[in-house]
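Peer 1: sequence unknown, structure follows:
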């Protein structure tokens, strides 16, 4: 989830230090003009995160029964290349060519967003097909096609494929590797230092170093879940299972164990200071903490995330407001996964805050849904109308009590 934030930070660091940008942010898409495109969420330069923040905004709005504006959806679809891939951001007036830097993370996020808003399913399927076409031989994906597989990219691609109905475990390479194989290769064995955690990538000598961001992402990926995951049925307290032949879910539970154990020390995860920063002490990582909350809830350990949600409710408001649509969306996803009210999160209406960063929504429904209530659609409906059952009910309620009541009753009668 926080790959996009990291990319922007790395780009900034490269400029400050006069160093070459890493492959993940090399050859960025053309910088936008001073006037941002109509339909785009946020007010900051979208060069490195335009598609990402737009997609996260849609995912957070969907679980809160907010219908994005047509102009916002059109902007996202317009960012797609004919191949099905998305870049971080591009000038859509110019066609994609050999110099266009394709982005697996942006593509996977956009695919999930388009599935959830139930619009342009053909574009979502085209994106999924492109992702399958650039799978690495080890079964995973890198940030850009051809770059070494990493846990975050592989996990978000798994979520995109799963949301389009692709059996992830059946996507094999020539040697039989699957996306799950690639993720499990990055797992630190139980019994070792930081056992249960996942590395972002192997080190130069093949060593695995625990990475909190990669661990939260891998838990979702190994469970075959997307970014906007709700809670799962409660399971026993997470434990770290030893063995060389673990199932993907067992490896996911090992990752949940590591996250839960780390959050026992403090209710938030920490990030190392940026190079050149005056403050050399580790700082709270709001985004990664929110991701860990979603991962714990998705793996059946909502109780282990309660203290973190309470901490986010008290401390993350300024971060979300300053961070823009993607940051606000992350808090909404964490709130939803744990049953917290996103419309009154520490005294802030996160849904309204998110909506204010883009075009006025086509429709908004109340109240805020909970994890035990209506969930995001399965994404298997190829209808391009853009309105799922939950959204139709929500729009009816928003339009007026009488119309909403009639629409709701009609839909209830149609249910088996």
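Peer 2: Arrived safely. These numbers were taken from a predicted model, which means no experiment stands behind them.
Peer 1: what separates stretch 206-220 from the chain centre, distance-wise?
Peer 2: 15 Å (CA atoms, centre = their mean, to the nearest Å).
Peer 1: Stretch 245-263 now?
Peer 2: The chain centre lies 19 Å from the centre of stretch 245-263; the measure is CA atoms, centre = their mean.
Peer 1: and that stretch, which residues are buried?
Peer 2: 246, 248, 250-263 (16 or more other CB atoms under 10 Å). All C-beta spots, glycine's among them, are computed from the backbone N, C-alpha and C.
Peer 1: Look up phi and psi at the nearest residue to residue 64 once chain neighbours are set aside.
Peer 2: Once flanking residues are discounted, residue 64 sits nearest to residue 351: 4.9 Å by CB to CB, 6 or more residues apart in numbering. Backbone torsions for residue 351, taken as degrees, to the nearest 10, come to phi -70, psi -50.
Peer 1: Residue 146 is in contact with residue 102, correct?
Peer 2: No. Residue 102 is beyond contact range of residue 146, at 9.5 Å (criterion: CB atoms under 8 Å).
Peer 1: more crowded one of those two?
Peer 2: residue 102 (20 against 9; other CB atoms under 10 Å).
Peer 1: pLDDT value on the residue nearest to that one when sequence neighbours are not counted, please?
Peer 2: Using CB to CB, 6+ apart and skipping the chain neighbours, the partner closest in space to residue 102 is residue 85 (4.1 Å). Residue 85 is assigned 98 on the pLDDT scale.
Peer 1: contacting residues around residue 85?
Peer 2: 96, 102-103, 107, 127, 130, 145 (CB atoms under 8 Å, 6 or more residues apart in numbering).
Peer 1: before we move on, what about residue 191?
Peer 2: 240, 242.
Peer 1: any weak-confidence spans in the stretch 251-400 of the chain?
Peer 2: The model of the stretch 251-400 of the chain has pLDDT under 70 over residues 272-280, 367-400.
Peer 1: would you list every one of the strands in it?
Peer 2: Here the stretch 251-400 of the chain has its strands, by DSSP state E, counting those that start in this stretch, at 270-271, 283-284, 363-364.
Peer 1: Out of those, the one nearest residue 65 is which?
Peer 2: strand 363-364 (7.2 Å; CB to CB).
Peer 1: Contact partners for residue 59?
Peer 2: Counting by CB under 8 Å, 6+ apart, residue 59 touches 109, 112-113, 116, 226-228, 329, 333.
Peer 1: Ok, residue 235 next?
Peer 2: Contacts of residue 235 by CB under 8 Å, 6+ apart are 253, 299-301.
Peer 1: let's go with 10 Å and repeat that
Peer 2: Contacts for residue 235 were tallied using CB atoms under 10 Å, 6 or more residues apart in numbering; they are 249, 253, 256, 299-301.
Peer 1: possible to save those residues as a markdown table with distance to residue 161?
Peer 2: A markdown table is the format used below for these (distance: CB to CB, whole Å):
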| residue | distance to residue 161 |
| --- | --- |
| 249 | 17 |
| 253 | 22 |
| 256 | 22 |
| 299 | 19 |
| 300 | 22 |
| 301 | 25 |
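Peer 1: residue ranges of the helices in the stretch 251-400 of the chain, please?
Peer 2: For the stretch 251-400 of the chain, the helices defined by DSSP state H, counting those that start in this stretch occupy 286-298, 306-315, 317-323, 325-338, 350-355, 389-399.
Peer 1: Can you lay out those as JSON lines showing distance to residue 199?
Peer 2: JSON lines is the format used below for the helices of the stretch 251-400 of the chain (distance: least, CB to CB, whole Å):
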{"stretch": "helix 286-298", "distance to residue 199": "15"}
{"stretch": "helix 306-315", "distance to residue 199": "22"}
{"stretch": "helix 317-323", "distance to residue 199": "26"}
{"stretch": "helix 325-338", "distance to residue 199": "23"}
{"stretch": "helix 350-355", "distance to residue 199": "32"}
{"stretch": "helix 389-399", "distance to residue 199": "38"}
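Peer 1: Between those helices, which one is closest to residue 135.
Peer 2: Among these, helix 286-298 comes nearest to residue 135, with 23.3 Å by CB to CB.
Peer 1: now the closest one, how far from the centre of its chain.
Peer 2: Per CA atoms, centre = their mean, the centroid offset for helix 286-298 relative to its chain is 11 Å.
Peer 1: Distance of the residue nearest to residue 263 when sequence neighbours are not counted relative to residue 338?
Peer 2: What sits nearest to residue 263 in space, not counting adjacent residues and going by CB to CB, 6+ apart, is residue 308, at 5.7 Å. Applying CB to CB, to the nearest Å, the value for residue 308 to residue 338 is 9 Å.
Peer 1: Double-check residue 68 against residue 113; I have them as touching.
Peer 2: Yes. Contact status for residue 68 versus residue 113: in contact at 8.9 Å, counting by CB atoms under 10 Å.
Peer 1: Now do the shared contacts for the two.
Peer 2: Joint contacts of residue 68 and residue 113 (CB under 10 Å, 6+ apart) are 54, 57-58, 61-62, 76, 119.
Peer 1: All set, thanks.
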